[in-house]
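Asks: Can you look at this prediction? I've put the sequence above it.
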Amino acid sequence: ACLTALAAAAGNEQLWKPLNHAILQACGNDSRSEVRKAGASALLTIIQTLGEEYMVLLPECLPILSELLEDSDEEIASIAKECIRQGEELLGESLDDSLI
C-alpha cells in the first residue's frame, strides 16, 4: 500500500522508473518466494491504481512477469497472470506475443 501511495503521489514516469526497477528486482529474487510474492503483489496494486498511465512501463515488466508465470509458488504465478490480464485490459490487446 505504501509503494502504491508513493507511485500515485509521484505522478510521473521519470519517478516511477526507479520504483518499478526495485519492484522488478524483488520479483526476480531467486532465493525467497515471499520477496517475489511481495514484489508481484506491489506490481499488481500499482497497475490497478495507476492504470493506463503506468502502461509505459509495462514492456520492461513483461520478461519478469513471464518468469513469474512459471513460478513454483502457484500464488505468485496467479498474481503474475492477473498483472498480465489487467495490462491487456488497459491496452485493449493481448500480450501473448510479448511474453517470452
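Replies: Cool, got the structure.
Asks: Report the contact partners of the spatially most central residue of the chain.
Replies: Nearest to the mean C-alpha position of the chain, by C-alpha atoms, centre = their mean, lies residue 43 at 3.4 Å. Applying C-beta atoms under 8 Å, 6 or more residues apart in numbering, one finds that residue 43 lies in contact with 23, 24, 27, 61, 65, 79, 83. The way it works is simple: take the backbone N, C-alpha and C, and place the C-beta from them, glycine included.
Asks: Would you mind measuring from it to residue 64?
Replies: 8 Å (C-beta to C-beta, to the nearest Å).
Asks: helix or strand for residue 25, which one?
Replies: helix 13-27 (DSSP states H and E).
Asks: what touches both of residue 43 and residue 64?
Replies: What both residue 43 and residue 64 touch, as defined by C-beta under 8 Å, 6+ apart, is the set 24, 27.
Asks: could you redo the contacts of residue 43 as TSV and give each row distance to residue 52?
Replies: TSV is the format used below for those (distance: C-beta to C-beta, whole Å):
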residue	distance to residue 52
23	18
24	20
27	21
61	15
65	18
79	20
83	15
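Asks: Just the buried ones from those residues?
Replies: 23, 24, 27, 61, 65, 79, 83 (16 or more other C-beta atoms under 10 Å).
Asks: which one among those gets closest to residue 47?
Replies: residue 83 (5.9 Å; C-beta to C-beta).
Asks: returning to what we had before: flag every buried residue along whichever strand or helix holds the residue nearest to the centre of the chain.
Replies: Secondary-structure element containing residue 43, defined by DSSP H and E: helix 33-50. Buried positions in helix 33-50, judged by neighbour count with 16+ other C-beta under 10 Å: 36-47, 50.
Asks: what does stretch 92-100 give?
Replies: Quick answer for stretch 92-100 (16+ other C-beta under 10 Å): 95, 98.
Asks: Dump the C-alpha coordinates for it into PDB.
Replies: Coordinates of each C-alpha in stretch 92-100 appear next as PDB, following Å, rounded to 0.1, in the frame of the first residue of the first chain:
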ATOM      1  CA  GLY A  92      -7.000  -3.400 -25.200                       C
ATOM      2  CA  GLU A  93      -4.800  -6.100 -26.800                       C
ATOM      3  CA  SER A  94      -3.300  -9.500 -26.000                       C
ATOM      4  CA  LEU A  95       0.200  -9.600 -24.600                       C
ATOM      5  CA  ASP A  96       0.800 -13.200 -25.500                       C
ATOM      6  CA  ASP A  97       3.300 -12.300 -28.300                       C
ATOM      7  CA  SER A  98       5.300 -10.100 -25.900                       C
ATOM      8  CA  LEU A  99       5.700 -12.800 -23.300                       C
ATOM      9  CA  ILE A 100       8.900 -14.900 -23.600                       C
END
